[in-house]
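Student: sequence? don't have it. structure:
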């Protein structure tokens, strides 16, 4: 198949493009590098089945030739990004989704939306099944991301119901692994970078809030299975193994050998107290569940960030002596 991936230079988009190429597909990638990085796709540029265009998907999207799939992954996705880029986040969730769906409709292509567990907000139901409608503050600081994705889901279903577009919606829970940005503000990257630099790990709140962490390879497997399935309604993809933030901090300190400890800061507004996916439907419909446990996934991610810090230090030395 020939498949378009928006946000291809992002953390998830780049891994997805890799997987599609491995499966033998042709990939057309779009990204404007607001939060994505050219480094994430540099190794793909020599592949004759990969084509990249620097482009803002909130504008009309034209792609010559046939397309069999459109996978919409373009969006700021970490709190530090969507708090600094609130308008861009709302635009890519609304206008960007509209343009991507329009392209899928015009090409007769299957469409997959990368949605998020943030549509559940600070949940009053735990764990969160797909049937739960969420508890979101639409005018709080996180609302720009939460509501952008909720609107994107509604628009996707509207295109399915009224235009007959073949759609998929992945509600993605916390995912981590290589190619996360060191400064993206997510808890795994924050803890690992702070620990490798022998700085105290910053815990917001008392550390009792929970998250469920899925390694990126497991997540991409779920995305691919969803794309090739017949599931139209939203589907949770994430790791149901729940950990407190304090437990994560202790594990990162252990694996990096750091003795810097932790420091506490106030909990941000509307920060979810719990987050755990109910993946019963993914198990039933896709035969999917995560395979890699948190300890092994963190080891691989720590190794990646060690290399990033070494590379950045080398680049900094080069700039300083130029």
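Tutor: Nice, I can see it. From a predicted model like this one, the values you see are computed outputs, not experimental measurements.
Student: can you map out the strands along the stretch 101-250 of the chain?
Tutor: Taking DSSP state E, counting those that start in this stretch, the strands of the stretch 101-250 of the chain run over residues 110-116, 167-172, 175-176, 201-204, 210-212, 214-215, 235-237, 242-244.
Student: roughly how far is the longest one from the heart of the chain?
Tutor: Here the centre of strand 110-116 is set off from its chain's centre by 11 Å, with C-alpha atoms, centre = their mean, to the nearest Å.
Student: lowest confidence element among the helices and strands of this protein?
Tutor: Least confident helix or strand of the chain, by mean pLDDT, DSSP states H and E, is helix 294-321 with a mean of 82.
Student: return the set of buried residues in that one.
Tutor: Neighbour counts over helix 294-321 (16 or more other C-beta atoms under 10 Å) mark 294, 297-298, 301-302, 304-305, 308 as buried. C-beta here means a position set from N, CA and C on the backbone, and glycine is covered the same way.
Student: go on, stretch 84-104?
Tutor: Going by neighbour count (16+ other C-beta under 10 Å), the buried part of stretch 84-104 is 85-86, 88-94, 96-104.
Student: next one: stretch 216-231
Tutor: 216-227, 231.
Student: same list (these) but as TSV, adding distance to residue 241.
Tutor: Output for those, formatted as TSV (distance: C-beta to C-beta, whole Å):
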residue	distance to residue 241
216	16
217	16
218	11
219	14
220	18
221	16
222	15
223	19
224	21
225	19
226	20
227	24
231	23
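Student: isn't residue 81 right up against residue 10?
Tutor: No: with contact defined as C-beta atoms under 8 Å, residue 81 does not count as touching residue 10 (10.2 Å).
Student: more neighbours, these two?
Tutor: Between residue 81 and residue 10, residue 10 has the larger neighbour count (other C-beta atoms under 10 Å), namely 29 against 21.
Student: does the more buried one touch residue 30 like I think?
Tutor: No: the criterion here is C-beta under 8 Å, and residue 10 misses it with residue 30 at 10.9 Å.
Student: common neighbours of those two, please.
Tutor: Residues touching both residue 10 and residue 30 (C-beta atoms under 8 Å, 6 or more residues apart in numbering): residue 74.
Student: ok, back up a step: residue 34: which of the buried residues of helix 294-321 is nearest?
Tutor: Each of those was checked against residue 34 using C-beta to C-beta; the closest is residue 308, at 19.7 Å.
Student: quick one: contacts for the closest one?
Tutor: With contacts defined as C-beta under 8 Å, 6+ apart, the neighbours of residue 308 are residue 182.
Student: adding distance to residue 49, write the strands of the stretch 101-250 of the chain out as CSV.
Tutor: What follows is these, written out as CSV (distance: least, C-beta to C-beta, whole Å):
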stretch, distance to residue 49
strand 110-116, 18
strand 167-172, 22
strand 175-176, 25
strand 201-204, 41
strand 210-212, 34
strand 214-215, 26
strand 235-237, 25
strand 242-244, 38
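Student: which of the ones you listed sits closest to residue 16?
Tutor: strand 110-116 (8.7 Å).
Student: what is that closest one packed up against?
Tutor: Contacts defined by 3 or more C-beta pairs under 8 Å, 6 or more residues apart in numbering; DSSP states H and E place strand 110-116 against strand 69-72, helix 97-107, helix 143-163, strand 167-172, helix 216-227.
Student: quick one: mean pLDDT for the second one?
Tutor: In this model, helix 97-107 has a mean pLDDT of 98.
Student: that helix - contacts with which helices or strands?
Tutor: Counting by 3+ C-beta pairs under 8 Å, 6+ apart, helix 97-107 packs on strand 2-6, strand 69-72, strand 110-116, helix 143-163.
Student: packed most tightly, which of those would that be?
Tutor: Neighbour counts (mean count of other C-beta atoms under 10 Å) averaged over each of the helices and strands packed on helix 97-107 peak at strand 69-72, with a mean of 27.
Student: many thanks, have a good one.
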